[in-house]
Structure formats: structure tokens, C-alpha cells
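Enquirer: take this sequence and fold it.
(3 chains)
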Amino acid sequence: MGVWIVLDTKFVALLLLIASFALFYAYMKLAQGGMKIKVRTFPAVAAIPEAIGRAAEMGKPVYYSTGLGQLTLNNQLNGPQTLAGISILGYTTRLCAKSGVKITYFTPIADSLPLVEETMRNAYLAEGKPEEFDPTTAINFQNEQSPYLTASLGWIQREKPASSILLGGFYYESVCIAEAGNIIGAMQIGGTANTHQLPFLVATCDYTLIMEELYAASAEISGNPDVLGSLKGEDLLKFLVLALLGIGFLLALIGNTSLIGLLRL
Amino acid sequence: MSGQTIWDKLARMDRRVFYWILFICLTVPYMTPLGLPITVTPSTRSYYDGLKTIQPGEVVLLSINSGVSAWGDCLPAMVASVYQVHEQGGKLIVWSIGYNDCDITWARIKTLLATNVFTDWVEGEDYVYFGYCPGQETNVALLRDNIRGVYTKDVRGVATDDIPLMEDINDASKIKFVMSSDTGDAQIYYIRQWKNGPVNYVGSGQPPLVAEMGIAMNKSGDMVYYLSGDEFGLVAGSRGAAELEALVGLKGNATITMDSISVSHVLLVLAIILANVGMFATRGQKK
Amino acid sequence: MIANVAAYPSDPLVILGIWVALFLMLAIYSYPLYKENPVYRFAEHIFVATALAIGIIVNLTSLRNSAWTPLVGGNYLLIIPIILGFCMYFLLIPKQRWVSRYPIAILVGSSLGLGIASNPLPSIITQVISTITAPKAGTAVWAWFPGSPTGDWFSFVFVAVGLICSMTYFLLTYEHTGPVKPVTIAGRYFIMLALGAYFGNTVLFRFSMLAERGQYILRVLGLVPY
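Expert: Model prediction:
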């Protein structure tokens, strides 16, 4: 008979995974039960209505993209970012529908299309203008990174959008699209949890959501108790890791390795 | 305007002028190489040391997860690595989980090493090329347990069961290590699913190790995996590849490119200094 | 000795190919070097269409090799993913669009589960262990100096303090006030330092790409070895 449990580092990882699920679940339940969860305020979120207002004044469209996202929603690093971007897309589309501004969403992520279409359609519906939503012009899909980038650059130069919003799992397209937006003088809001692209968004955008602020902004906008609860649970998990780091660091200074031994089992 | 200072003129300079200067500075050193020295960083040294541990007959994997557009940063390290695997008498499995243009990349590697590797390497016996398969991390997890479940044949159309190199290999346990060439995060899939996956590698006793030789952009992100021991080596972009070329003794495109990169960096540093001096100078005037 | 260079192609079709590639490359570069223009647009549309065509062929080939061939060879279980795959095409029929949600839900759920299950070890546990492992593990700080290089202990303290401060910055459901404030401010500086390093590495990558394209022009023109 095989061994069912091996007490090693993987077992510690399993315990951590179970603890994190328990925390997420507990806080989701608490949030559903009416617990108030306040998310930090982000200037980038507050700037979205300003960006749409600018487009309305100028009579120009809005460019929106959630980035490459490794071409799929089921990517563990990028999927949540794309979903956060789509959640904020819903809010942005609603603002656009309200102000009569055209918004075009660019994506190379095929499996996100039903969700995107539904999100945008619902936003128009919520503003009582379902007839104004045309998925063939509002959603621009390319199946690969470079074609998506090339199409974005061409569109930005031709349509000269008043505002450009880049929120999601970006790769090298971030700097190219943001620079194209810069050249035409668009107001830009960016955000990604892909660290390698953050410097470019920070440098080229007027407002930036750094790393997990993207998820928090999405939670704040959606107001969804499940998302807010999981965000709170995640914060407590961070406290746990911070405690491990702090204690481990102090122990290391006095030459004690017992915590390392405990984590390695 | 009569009141314009040199700083104002520089600040208003059309960015395309800079692009052109940069483009010229990048291309000229190719025709007149400067031969600037190259020092080897510890992460590249570790990668090379890993390659040197390959025993004759041992199988390693080259995972091409970078596209043709990243050849400048990724191709030279792949070329040097394949060369060293051949020098060590190792055998090579090649596939891609990242880009569907990998056939062009593999063809280029074969062209560049036509005279010093592929004259005596026999396809199917010393190396096998499976091409691209979509599916990303799910694919990597499946490949860990059942290679034939993903690749039923190689790109020539030969059934995997009929390839001599694959005779005893159907999972990750028989692969010594993964050399992952990335523009994205595929190396992390191998770390998660192969090195730290839910499998006890009974066959070899050790899970396959992972090494990264992707674009320079990945260096900062990968450094955490290198320092924690999840990656045994890290070759960062063309600079890392130039170091690797020096170590394996096969001067190639990365070595040639280094002059061009160095000149462009000098230009960039000058531009940054000028821009900052200009900003402070004009700020003073406004006050 | 420069060992890995190839001979200039002699096949007329290959020569035509590399010249077409050069033309299309310059057409795309006309965007940043000049401005958006019909030549760029021509290259843009060719690129988008070609990538789509290649994508279709590659995916069909993959479907044939990894699903269809084993299925007709007797692995009947593969009928399930094939049916799920076909369900995705209901996306194109507005009234039956809901069918496409099932394969997407299964795909997203299973893949995220797969990734999350293997994530805590390399991304949290190993990183915590690595961060709290001193240069000479098991030796107290006052005993380090005679043996350990100064750089090692500096790196150890820098990484540990930087990580703690940066993580505190990312506590998202707490306002940065009170005693946490100075820690988060320090965290922000650490993050900016990290972004600077990322920026440098990424600029190196971009220049490598641009240099390689510059070299390609010279190679096609025969000014440097192919």
C-alpha cells in the first residue's frame, strides 16, 4: 500500500493552501452576512469618470484593453488580472453608455469573449441603451500578441481616442500601446500585476494601479461581497506570511534555524 | 523663437530623431566590431556548471517558449546550450508550449549549428523535435506524466512509440533538466508542475531541475526562483547569452551584439543625463 | 572565431522570403520612424491575417495529433474534451451562446486549480525559507563578520527588510495610517527600486530586439555574414 501522507515541505504548502481557503471562505461568508469591508482608496479608480468625461467633451472614443493575459483566462498568473480588468471594463462601459461615448475593447483572449460581451451588454442595458451596443465594433479580437498589438497601434493612430485604459495582464505590448497613447495625447490609466511591465505603465500613464491594487480596485468597483471577502482573507494571509518573515528574520539574526526546520519539516 | 535655449530645443526635439540615432548606433557596431570584454555573472556560471554535469546518454529538454520576435535575446543562449549538450554527449528533446512559430526557431538553431552539431546528431536517436502544442500549464502537467498523451508523433510524423530516443521515456522522471527559453512565464509552469509537482519521482529519485534562459526582462522576476534554488541557472537575455558563449567557447550572435548593446546603452545614459540636466536647468529658469 | 553563422541562402524562394520579410519589417517600422501610413496599414493587415491563418493550422494540427488520432486509435475517452471543444463554437450562435459557458467554466476552473495547487510551495514557502536563511545559517549576527563577506549579510538584511516593507504596502483593506505608515512608505521606495531594476532589464531586452532587427537588415543586404 502506498504512503498517503509524506511529511515534507509539500505538506506545509498543503496546510498553507487549506488555511488560505479557510480564510477566504470565512471572510466571504462574513461579507455576505453584511460585514463592512473597506478597500484602500485608489486615485486611478477615481480618475476613470474623468477619463470618460474627457472623451465625451472631445467627442472621441475610449480605448480599453486587458492585455495579452497569456492568451487565455485559465492562466494562473494572468487570468485573475484579466477578470479584474473585465470587471472594471463593465464599470467603464456603463460610464461610456451614460455619456454617449464609444468604447472599443481590444483583446487576444478568445475564451474571455463571452464574458466580455455579456459584461458590456449588461452595462448598456443598465443604462437603458441596449440598442447602442454593437459587439462587432465594441470588441476587437486578434488571436495573437503581435497582431493584437499592431491592430491596437493602428486603431489608436486612426481613431485618436481621448482616453486609454490598460488594466490587466500585460506583456511587451504595454509600453507600445501606452507610448502610442502618449503620442496622440490620450489620458491614460494603467495597471497590471505583471511586475516586468509596471515600470512602463508607471512612466507612461497618468494614473497607475500597482500589482494587487488592480484586484482591490476591481473589488471596490464591483462591490461584490465574495470578492471583497476574499480580499480581506488575502490580507490576513499576508499577515501570516509577514509574521513568519519577521520571526524568521529575528531568529536568523541570533543564529536560530528552528523556523526553517519547521517549514521544511 | 528667439528666447529658446538649447534645453528648450532639446526638450522639443522630435522623438523620431532619437529613434533614428538609436537605430544607426545599434547597427554600426555590427559592421565595425569593438570587441569589448565580457565578464561572467554567477547565475550564468551556475547554468553552465549545470550543463557540464550532463553525462553521455542523459536526456535534457529544451522548451522553446519564445517567439521569433525575441530571437535577439533568446536565440543565442539556445544555440550555445544545444552546442554544449552535444559536447557533453547528452541527448535532447525539444518542444514548445509557448509559441506556434517555434518551427522557424528550431530551423534556425539547426542552420546555425549545421556544421558542428547536426553533422553527427541523428534525428530520433540523439534528438527529437515535437513542435508546438497549446495548453500552457495544463499541458506541462500532462507532459509530466504522459508525454505520449500530448505528442503522439514528432514533426516528421514519426510515431513517438517508434522514436528510439523516446523508447524508455514517457514522463518527466527520465529527463535530467529543463532548459526553458522564455518571454513569458513558462519556466514557472515547469517549476510548479515538474519540480514541485505532486509526483514522487520514483524512477530517478530526483525531480527534473529547471533552468531559465529567457529574455533580459525576466531576470528580475526569475532571480527569486534562482536564489531560492528552484532554478539552477539563469541566463538573462543577450548579455547572459554572450557570457554563455564565452564559457562554451562558441562565439556567436550574442557576442557580436554586445558591442551594439553597449553603444546603445551609452547613448541612452547620455540621453537620461541630458534630459535630467535640461529639466533642472529649465525649472530654475521658471522659478 | 565566430562559429555559428550560416551561408547566404541560394534558394530563390528563400531569398524572396527574406526580402518580403525585410519589406514588411520596414513597413511596420514606418509607424514609429515616420507616422501611421498606408504602407504600415498594409503590413498590419497582412500580419493580422497571416497570424490568424497560422493559428488555425497549428491548432487544427494539434487537435489532430493529440485528440483525433488517439481517438480513432481506440482512446474513446477523448470524445469528452472534443465535445467540450466543439461546444465553444456555440459562441457564434447568439441564442445558444450559453452552451459555450460550460467548456469555458471547466477550462478555467481546472487550470486555475492546477496552478493554485502547486503555487504555495515555490511562491510562498520556498521564498520565505530563502528570505530567512542567513548567509551562514545557524550563526548569530555577531559571529558573521569574521567569515562572511559584507555583501552577503547586507543582501540578506536588505531582502528581508525590503520584502516585509513591500508586503505591508500591499495590505489592501487597511488604510496606510498610524504606525504602518512609515513601513508602507519604505515599502513604496523598495518597490520603486525593484521597478528600476525591471526597467533596466527590460530596456536591455528591447535594445536586443531592435539590434537583432538592425542586424537582420544588414544580413539581408549582405553587409554582415548571414
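Enquirer: minimum distance to chain B, which residue of the stretch 1-150 of chain A gives it?
Expert: With distances taken as C-beta to the nearest C-beta, the stretch 1-150 of chain A approaches chain B most closely at residue A:77, which sits 5.5 Å away. Where you see a C-beta, it was placed from the backbone N, CA and C, and this is true even at glycine.
Enquirer: right, I mislabeled it, should have said the stretch 51-200 of chain A
Expert: Of all residues in the stretch 51-200 of chain A, residue A:196 sits closest to chain B, at 5.0 Å by C-beta to the nearest C-beta.
Enquirer: and chain C, by the same measure?
Expert: Closest point on chain C to chain B, by C-beta to the nearest C-beta, is residue C:212, at 2.8 Å.
Enquirer: which element is the nearest residue to that residue once chain neighbours are set aside on?
Expert: Closest residue to residue C:212 apart from its sequence neighbours, by C-beta to C-beta, 6 or more residues apart in numbering or on different chains: residue B:72 at 2.8 Å. Mapping residue B:72 onto the secondary structure by DSSP states H and E places it in helix B:71-88.
Enquirer: check which helices and strands that helix sits against.
Expert: Contact partners of helix B:71-88 among helices and strands, from 3 or more C-beta pairs under 8 Å, 6 or more residues apart in numbering or on different chains; DSSP states H and E: helix B:42-52, strand B:59-65, strand B:91-96, helix B:102-112, strand B:177-182, helix B:237-248, helix B:253-286, helix C:180-220.
Enquirer: give the other helices and strands that the first one contacts.
Expert: To tie it back to what came earlier, the one meant is helix B:42-52. In this structure, helix B:42-52 packs against helix B:71-88, strand B:209-212, helix B:219-227, strand B:231-234, helix B:237-248, with contacts taken as 3+ C-beta pairs under 8 Å, 6+ apart.
Enquirer: centre of the chain to it, how far?
Expert: For helix B:42-52, the gap between its own C-alpha mean and the chain's C-alpha mean amounts to 14 Å (C-alpha atoms, centre = their mean, to the nearest Å).
Enquirer: average pLDDT across it?
Expert: Looking at helix B:42-52 alone, the average pLDDT works out to 94.
Enquirer: same question, the fifth one
Expert: Regarding strand B:177-182, the rounded mean pLDDT is 92.
Enquirer: partners of that strand in the sheet?
Expert: Taking DSSP bridges as the criterion, strand B:177-182 sits next to strand B:59-65 (parallel), strand B:209-212 (parallel) in its sheet.
Enquirer: average pLDDT for the next helix or strand after it?
Expert: Tracing the chain past strand B:177-182, the next element assigned as helix or strand by DSSP H and E is helix B:186-190. The average of the pLDDT scores along helix B:186-190 is 90.
Enquirer: do helix B:186-190 and chain A meet?
Expert: Yes: under the criterion of C-beta under 8 Å from any C-beta of the partner chain, helix B:186-190 makes contact with chain A via residue B:188.
Enquirer: which residues does that helix contact?
Expert: A:77, B:63, B:65, B:97-98, B:136-137, B:140, B:178, B:180, B:208, B:210, B:212, B:214, B:218, B:222, B:225, B:231, C:122 (C-beta atoms under 8 Å, 6 or more residues apart in numbering or on different chains).
Enquirer: residue B:152: how many residues sit nearby?
Expert: 20 (other C-beta atoms under 10 Å in any protein chain shown).
Enquirer: any regions of chain C where pLDDT drops low?
Expert: C:1-5, C:144-149 (pLDDT under 70).
Enquirer: who's in contact with the residue nearest to residue C:212?
Expert: Residues touching residue B:72, when contacts are defined by C-beta under 8 Å, 6+ apart, comprise B:238, B:257, C:208, C:209, C:210, C:211, C:212, C:213, C:215.
Enquirer: repeat that with 7 Å
Expert: Applying C-beta atoms under 7 Å, 6 or more residues apart in numbering or on different chains, one finds that residue B:72 lies in contact with B:238, B:257, C:208, C:209, C:211, C:212.
Enquirer: quick one: mean pLDDT for the helix or strand residue A:91 falls within?
Expert: For residue A:91, the host element (DSSP H and E) is helix A:79-99. For helix A:79-99, the mean pLDDT works out to 93.
Enquirer: about what we covered before: and the contacts of helix B:186-190, which are buried?
Expert: Of the members of the contacts of helix B:186-190, the ones counted as buried by neighbours, 16 or more other C-beta atoms under 10 Å in any protein chain shown, are A:77, B:63, B:65, B:97-98, B:136-137, B:140, B:178, B:180, B:208, B:210, B:212, B:214, B:218, B:222, B:225, B:231, C:122.
Enquirer: hmm, who's touching stretch B:113-125?
Expert: Applying C-beta under 7 Å, 6+ apart, the contact partners of stretch B:113-125 are B:79, B:82, B:83, B:86, B:110, B:127, B:158, B:163, B:164, B:165, C:3, C:4.
Enquirer: on that earlier part again, average pLDDT across the helix holding residue B:72?
Expert: Averaging the model's pLDDT scores along helix B:71-88 yields 94.
Enquirer: CA atoms of it as CSV?
Expert: Backbone C-alpha positions of helix B:71-88 (Å, rounded to 0.1, in the frame of the first residue of the first chain) are rendered in CSV as follows:
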residue,chain,number,x,y,z
TRP,B,71,15.5,36.0,-31.3
GLY,B,72,17.8,38.8,-30.4
ASP,B,73,17.6,38.0,-26.7
CYS,B,74,16.7,34.3,-26.7
LEU,B,75,18.2,32.5,-29.7
PRO,B,76,22.0,32.8,-28.9
ALA,B,77,21.5,31.1,-25.5
MET,B,78,19.6,28.3,-27.1
VAL,B,79,22.3,27.8,-29.7
ALA,B,80,25.0,27.7,-27.1
SER,B,81,23.1,25.3,-24.9
VAL,B,82,22.3,22.9,-27.7
TYR,B,83,26.0,23.0,-28.6
GLN,B,84,27.1,22.2,-25.1
VAL,B,85,24.6,19.4,-24.7
HIS,B,86,26.1,17.9,-27.8
GLU,B,87,29.6,18.4,-26.5
GLN,B,88,28.7,16.6,-23.3
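Enquirer: contacting residues around residue 31?
Expert: All of this is about chain A. A:37, A:225, A:228, A:229.
Enquirer: you looked at the wrong chain, it should be chain C
Expert: A:153, C:40.
Enquirer: return the alpha-carbon coordinates of the host helix or strand of it using CSV.
Expert: Following DSSP H and E, one finds residue C:31 within helix C:12-33. Provided in CSV are the C-alpha atoms of helix C:12-33 (Å, rounded to 0.1, in the frame of the first residue of the first chain):
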residue,chain,number,x,y,z
PRO,C,12,15.3,31.8,-54.9
LEU,C,13,12.2,31.2,-52.8
VAL,C,14,14.1,31.7,-49.5
ILE,C,15,15.7,34.8,-50.9
LEU,C,16,12.2,36.1,-51.9
GLY,C,17,11.0,35.3,-48.4
ILE,C,18,13.8,37.2,-46.6
TRP,C,19,13.2,40.2,-48.8
VAL,C,20,9.5,40.2,-48.3
ALA,C,21,10.2,39.9,-44.5
LEU,C,22,12.5,42.9,-44.8
PHE,C,23,9.9,45.0,-46.6
LEU,C,24,7.2,44.1,-44.1
MET,C,25,9.5,44.8,-41.2
LEU,C,26,10.3,48.3,-42.6
ALA,C,27,6.6,48.9,-43.3
ILE,C,28,5.9,48.2,-39.6
TYR,C,29,8.8,50.4,-38.5
SER,C,30,7.5,53.2,-40.6
TYR,C,31,5.0,53.7,-37.8
PRO,C,32,7.5,54.9,-35.1
LEU,C,33,10.1,56.3,-37.6
